[in-house]
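**Q** For reference, the sequence and a predicted model appear below.
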Amino acid sequence: MGLALLALIWLITFVSTYFFVAKTWWFPVGASASAAWIDHQFAVTFILMGIVFVAAQGALGLFVWQYRDRGATQPVHYSHGNAKLEIIWTVLTAVLFIGLNLMGSRVWATERFDPPEVGAVPVEATGLQFAWYFRYPGPDGKYGRTKAELEDASAGGESAVGLDPSDAASKDDIVSGTMYIPVNREVDLALRAQDVIHSLFIPSMRFKQDAVPGLIIHMHFKPIQTGDYEIACAELCGLGHYKMHGMLKVVSQEEFDKWLASKEAEKQ
Amino acid sequence: MASTEIIHAHAAPQGFIRKYIFSLDHKVIGLQYYFLALIAVFVGMGLSLLMRIHLIWPNANLPIFGAIKPETYLMFLTMHGTIMVFFVLTTAPQGGFGNYFLPIQIGAPDMAFPTLNMLSFWTTFVAFVVLVAAFFVGAPLHGWTGYAPLSAVPSAGPGEGLGADLWITSIAIFCAASLMGALNFITTVLDMRAKGMTMMRMPLTCWAWFITAILGLLAFGVLLAAGILLLMDRNLGTSFFVPGGLNFTGQTSFPTGGFSSSTDLIKHNGGSPLLWQHLFWFFGHPEVYIAILPGMGVASQLLSTFSRKPIFGYRAMVYAMLGIGILGFVVWGHHMFMSGMSPYTAFAFSIMTMAIGVPSAIKTFNWLGTLYQGRVRFHTPMLFAIGFVSLFVSGGLSGPFLAQPVLDIPLHDTYFVVGHFHLIMGVAAIFGIFAATYYWFPKMFGRMMSEGLGRWHFFLTLLGTYAIFMPMHYLGLAGQTRRYSEFTQVAYQTKLIPLQTFITYAAIVTISAQFIFLFNLFWSMAKGKKATDNPWEATTLEWTTATPPPHDNFGGRTPVVSHGPYEYSVPGAARDFVMQNDPATTPAH
Amino acid sequence: MATLSPTVAVKYPQTRHGGGSGAPPTHGNGGGDGRGANGSPDYGERLRRARLGLVVGLTPVIMMFVSFTSAYIVRKGLPTVDPRTNSYVHDWLSVNIPWGLLLVNTVILLISSVTMELARRQITRQAALAPVSSIPGVSLGEEKTFPWLGVTVVLGLGFLIGQWMAWQELAARGFYLATSASSSFVYLLTGMHAIHLAGGILALLFAAATSLLRKPVEGRRIVVDITAWYWHFMALLWIYIFALIEIAR
C-alpha cells in the first residue's frame, strides 16, 4: 500500500509538472510592452513554486512508503516537534512569499500607478450585453455626450453607445465594433459598461480589466506587434457571456490613420 | 433566545419525532446535517456532470433535460456553486462532524444550547428547500458570487426575477442558521470542557471547529447584511448596488424607486457595484477557510493517529490556524484586483494574501514532520488524510500566483482560478469529509466500513480529481475564461476543446467512483463488520465511550482529562497510545 | 505541548474496552454539564452559559451594523457617474431628520433601559428567594411587586411607535426609502435597529408567558436577565446609530 501511494503521488507530481514545463498549453505570445515583465514574473513564481511542489509531494510520497508500518519492532520517534525548525521554516516561507510579492509589485506599479504616456491613443471601450464597442474621439480629441435613453443595442454602432448627435463634440466621434490601434503607441483606454459588469480580456496583450457600470476606469497598455488579437469577456455578464467577443487589430500608424480617415469620411 | 432551553434532561427522549426529527441530541443533529450535505453533494455533483457534458456537446439532446441552453448552463453553475459552498462544504464538516464529535471530544454531554442547535439544523434545512425551490421558478444565472447589477436587476437575464429573490432569501436564512450554530460551538468550547481539558489539550479537530465557528460568527453577519441590501435594491427601489442610467435590452430605467415616484429629488441614484463585491468577499474569503479548516483539523488528527506519533508542533498548528483565521479577514480584496478597485489597495491586499501562505506552509511542514519517522498504518481514513495533504499542497501552491496582482491580470477569471479553488477548497475539503467519514463511521454506526471498497474509492477519486483539476490550470494559462457555456465562439478557445473533453471524461469516471462510497456507506451500516469501541487505537475522548455513544455521551460519567490529545508511542507506556483520560501519570524520575 | 515529559510511566494500564472505565464518575466540576449533583438543573451554571452565549451572539449583530456603517460612510464619500454628462458627481443629499421626535424616542428608550434593569434585579431577588418559598409551610406572603417588566414592554412599544412616527415625518418631508442613498441608509439603520428591538420585546413577552405557565422562576430569570443585557445593548446601539446619522446624514 505504501508503495502504491508513493507511485501514485509521484506519478501525479511528474505528470502535472511535465505539462507545465513542456508548455504544452501556455500563454499566447505576448504582444504588449508589459507582457515580457508579466511573463518573467510568472516564470520566477513558477520555478519557486514548482520546486516547493515537487519537494513537498516527493517527501509525502517518500515518507508514507519509508515509514510504513512494518510491525511493532519498528521504532517510532516520540517527539512533539522542533521549535527551531519551525521558526526557520516560517521565516523562510515568509521571506520567499513576501519577496516574490515585492518583485512583482514593480510591474504592477508601472501598469497601474503611472498615467499613460503623452500622445497615447484615446479609446473608449463600452461593454453591453453582449458586445464590445470602441469609440474614438476624433480630431477634436473630445468624447461627445452619450445618453442612456438613446442607447439601442440592436442598432449597433453609435446608437449602441447612445451617442447624442446634438452635442458638438460627438460630431466627429467614431464608434467601431472592432478595436483598431497603432503599434508601438500606448492606448489610453476608458472602460465603461451599460448594464452589468463586463471584463475586457485581451490574452495576447496580457490585459484584463473589469468594465463596471457607474464607473469610468482608465487603463493603458502598449502593443508592440502588429496583428489580429481576440478579445473575450472575462466577467459573467449573462446568458450570452460566452459569445461576447471582439477583435483587436494592431496596425501600423499609417494604416491606423487611413482607417480613421475612412471612418470619418463614412460619417459625413 | 438561547436560554429557552429548559427541556434538556438526562433521559433520552422517547418517540420517533422527538428522537429523530426534532431531536435535541447533538449526535442526531450531526447526522441530520451530514445526510443533508450528502443529498446536497449529489445534487451539486449531478449539476457539475450536466455542465461538463454541455461544455463538450453543447447541442446534445439529453434524456429528461433535453438540450441545455446557455442560460440553463449558467443556472446549473449558480446552483452548483451555491449548493456546494453552503450546503456541503459549510454544512458537512462543521454542522455534521463538528456537531457530533466536538462535545464528545471535549468531554461534554451535549452542546451548550441544544434547542438552538436543533433550530440551527432546521433553519439550514429550510434554506435548502428555498434554494431548491428556485429551480422550479427558474434559478438565477449570476453565479454563486452574485455580482450586482446582474443579480440586482430582474431584467438582466432569465432567472433574475423570482429565482434570484429565492436565491438571496435562501442565503440569508442560511446565514441565520450558521450564526446560531457558530454561537453554540463557541459557547460549548469555552464553557463545556471536561475537567482537565485545557484549551491546549483539545484535539486539533476541536481547535479547527472552534476557529471555524469564530470565522462564521464574524463573516455570516456581513453576508446577511449584504443580502438584505440586495433584496432592498431588488424589491424596494433603493440603490445600494445599482448605479444610475443602466440600460437593459434597450429600455432605459432610471431607478426612481417604489415610494418616491412622486418626489424625484434625484433621478440617478448611483449605487456602487463594487460595494457588493467588498461585502461579499469580506464574507467570501473567510468562507474558504470555513470550508477547509475542519479538514485541516481532521487531517492533523488522522496523520498523528495512523502514524502512531504525536502531531509535529501542536502549538504551531494551533497558532497557524489562528493566524489563518485572522489573516483570512484582511485578504478579501485579492478577489477584486481586476474589479476597478484602487491599485494601491490591491497592493496592500496582495501582501496580506502572500502572508497567509506562511501559516499554510507551517501546516504542511508539520504534517510531513508527523509522518517522518512514524509507523504509518494505511487504513482508508489515513489514505484520505494523505490525499488531503497532497491536494492541499497542489491547490495551495497556485495561490501565490493569483495573490500577485500582476499575475492576476492574465489569470483572473480563467480556468486557472477554477482549478485552484476546486483543488483547495473543493476537493481537499471533500477529502477531509471522506477521511472523517471513514474514521468516525465505526463510532457513529457501530460497524466498520469496507476497507477494500474504501481503497478503490480513494485511488479512483485521487487520480480522478487530479485529472479533472490539474488540466484546468493549463487551460487558464492558455486564456480559457470561466463561466462560458460553450467554447465555440472565441477562436483561440476552440483549440482547447480537446483538453476540456479529457476533463469531462475524467469527471464522468470520478463521479461514478463516488457511488462506490455511497454503496459502502449504506452497505456498511447494515452489513459492516462490528466495530469495537476504539478500533483505530486512538487517544481522544470519543474512543473512550460506548459505540454508538449513549444519549449523554459518557453514560452518566464525566471524563477527567490528564493528557494531551496525541500521546502515541510514549516511551515506557504499556501500549503505543495513551488515552486522554488515562489517570494521571507520574513522570519517571 | 509540555503535558508530558519525554519519559512517563502509565500507572493503570487500560482495559480493552476503551479508557472510560478508568475514570471515576464526577459531577459539577468546571465546565460540567450544567446540572447540579442531585440532577436538578444548575441555574447558576446555565445563567453564566446564557450570558456567554449572549455576548457571543451579539458579535454578528455588531458585524452587521459595522457593514452598514462602512457602506454608509463609503457611499457618502463616493462620487458617482452622472449618466447625463458622463462625469463624476457627488450626489449626496442631506436628509432632513426629525430631531425632536428622535430625541423623545431616545429618552423613552433610555428610560426603558432603566426599567429593564429594575425588572432584572427584581426577578434576580425573586429567584434567590425561590428555594425558600418552595419549602412547605414557609410563606413569604404575596410580595407586592411593581410590574417593571410590563412597563419595559410598554416603553419598548412606545419607542417603536415613535420610530414609526419619525418615518412618517421623514416621508412627509419628502424623504422616502428610495429617494436617495442618504435616506435609504437612514431607513435601513433605524429599521434594522427596530427589528432587533422588537426581538427583545418578543423575548420579554415570552418570559411573561412562562410566568403564566407556572414554570420555575429561575428559568424565567435567565430569559429576563439576558434580555436585559440585550436591551441595554440595543439602547447603546441606538445612541450609536443616532450619532452616526447626525454625523453622516
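**A** Thanks, I have it.

**Q** So for the helix or strand containing B:A133, what gets flagged as buried?
**A** Per DSSP states H and E, B:A133 falls inside helix B:114-137. With burial defined by 16 or more other C-beta atoms under 10 Å in any protein chain shown, the residues of helix B:114-137 counted as buried are B:114-121, B:123-128, B:130-135. The C-beta positions use only the backbone N, C-alpha and C, and glycine is treated the same way.

**Q** Over to stretch B:518-527?
**A** Buried-residue list, stretch B:518-527, by 16+ other C-beta under 10 Å: B:N520, B:L521, B:S524.

**Q** Run the chain-centre distance for stretch C:102-120.
**A** Mean-position distance between stretch C:102-120 and its chain equals 14 Å (C-alpha atoms, centre = their mean, to the nearest Å).

**Q** Kindly export it (C-alpha atoms) in CSV.
**A** Only the C-alpha atoms of stretch C:102-120 are listed here, as CSV (Å, rounded to 0.1, in the frame of the first residue of the first chain):
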residue,chain,number,x,y,z
LEU,C,102,-36.0,61.2,17.6
LEU,C,103,-34.8,62.8,20.8
VAL,C,104,-38.1,62.0,22.5
ASN,C,105,-37.6,58.4,21.3
THR,C,106,-34.1,58.3,22.7
VAL,C,107,-35.3,59.4,26.1
ILE,C,108,-38.1,56.7,26.0
LEU,C,109,-35.6,54.1,25.1
LEU,C,110,-33.2,55.2,27.9
ILE,C,111,-35.9,55.1,30.5
SER,C,112,-36.9,51.7,29.3
SER,C,113,-33.3,50.6,29.8
VAL,C,114,-33.6,51.7,33.4
THR,C,115,-36.9,49.9,34.0
MET,C,116,-35.5,46.8,32.3
GLU,C,117,-32.6,46.9,34.8
LEU,C,118,-35.1,47.2,37.7
ALA,C,119,-37.0,44.3,36.3
ARG,C,120,-33.8,42.3,36.0
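
**Q** How about that stretch, which residues are buried there?
**A** Under the neighbour-count criterion of 16+ other C-beta under 10 Å, stretch C:102-120 has C:102, C:104-106, C:108-109, C:111-113, C:115-117, C:119-120 buried.

**Q** Where does the residue nearest to A:M1 when sequence neighbours are not counted sit: helix, strand or coil?
**A** Once flanking residues are discounted, A:M1 sits nearest to B:F378: 4.0 Å by C-beta to C-beta, 6 or more residues apart in numbering or on different chains. With DSSP: H, G, I helix; E, B strand; the rest coil as the basis, B:F378 sits in coil.

**Q** Compute the number of surrounding residues for B:F378.
**A** Counted by other C-beta atoms under 10 Å in any protein chain shown, the residues lying close to B:F378 total 19.

**Q** Would you agree B:A164 is in contact with B:G143?
**A** No: in this structure, B:A164 is not within contact of B:G143 by C-beta atoms under 8 Å, at 11.4 Å.

**Q** Where does B:M180 fall, secondary structure wise?
**A** Using DSSP H and E, B:M180 falls in helix B:162-191.

**Q** Then C:V186?
**A** helix C:181-212.

**Q** Flag every buried residue along that helix.
**A** Of all the residues in helix C:181-212, those buried under the rule 16+ other C-beta under 10 Å are C:181-190, C:192-194, C:196-197, C:200-201, C:203-204, C:206-208, C:210.

**Q** Now narrow these to whatever sits close to chain B.
**A** Among the buried residues of helix C:181-212, proximity to chain B is found for C:A181, C:S184, C:L188, C:M192, C:A203, C:F206 (C-beta under 8 Å from any C-beta of the partner chain).

**Q** Mind putting those into CSV with pLDDT?
**A** Output for these, formatted as CSV (pLDDT from 0 to 100):
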residue, pLDDT
C:A181, 87
C:S184, 93
C:L188, 96
C:M192, 97
C:A203, 92
C:F206, 89
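
**Q** distance of B:P58 from chain C?
**A** For B:P58, the distance to chain C (C-beta to the nearest C-beta, to the nearest Å) stands at 36 Å.

**Q** wait, doesn't that residue sit right on B:Y484?
**A** No: using C-beta under 8 Å, B:P58 is not in contact with B:Y484, being 10.3 Å away.

**Q** So for these two, which residue has more residues nearby?
**A** For the pair B:P58 and B:Y484, the greater number of neighbours falls to B:Y484 (24 against 17), based on other C-beta under 10 Å.

**Q** Check for me that the more buried one belongs to a strand.
**A** No: if the criterion is three-state DSSP, then B:Y484 is coil and not within a strand.

**Q** List the residues that contact it.
**A** B:Y484 is in contact with A:H241, A:Y242, B:Q493, counting by C-beta atoms under 8 Å, 6 or more residues apart in numbering or on different chains.

**Q** Now that the last one has come up, it's in contact with B:Q480, right?
**A** This points to B:Q493. Yes: B:Q493 lies in contact with B:Q480 (C-beta under 8 Å); the separation is 5.8 Å.

**Q** Can you show me the strands along chain C?
**A** C:8-9, C:80-82, C:87-89 (DSSP state E).

**Q** Let me know which of those is the nearest to B:F42.
**A** When the strands of chain C are compared by C-beta to C-beta, strand C:80-82 sits nearest B:F42, at 45.1 Å.

**Q** Would that closest one count as contacting chain A?
**A** Yes: judged by C-beta under 8 Å from any C-beta, strand C:80-82 comes into contact with chain A at C:T80, C:V81.

**Q** Summarise which helices and strands that strand is packed against.
**A** strand C:87-89 (3 or more C-beta pairs under 8 Å, 6 or more residues apart in numbering or on different chains; DSSP states H and E).

**Q** Could you list every helix and strand in contact with the strand it packs on?
**A** When contacts are defined as 3+ C-beta pairs under 8 Å, 6+ apart, strand C:87-89 sits against strand C:80-82.
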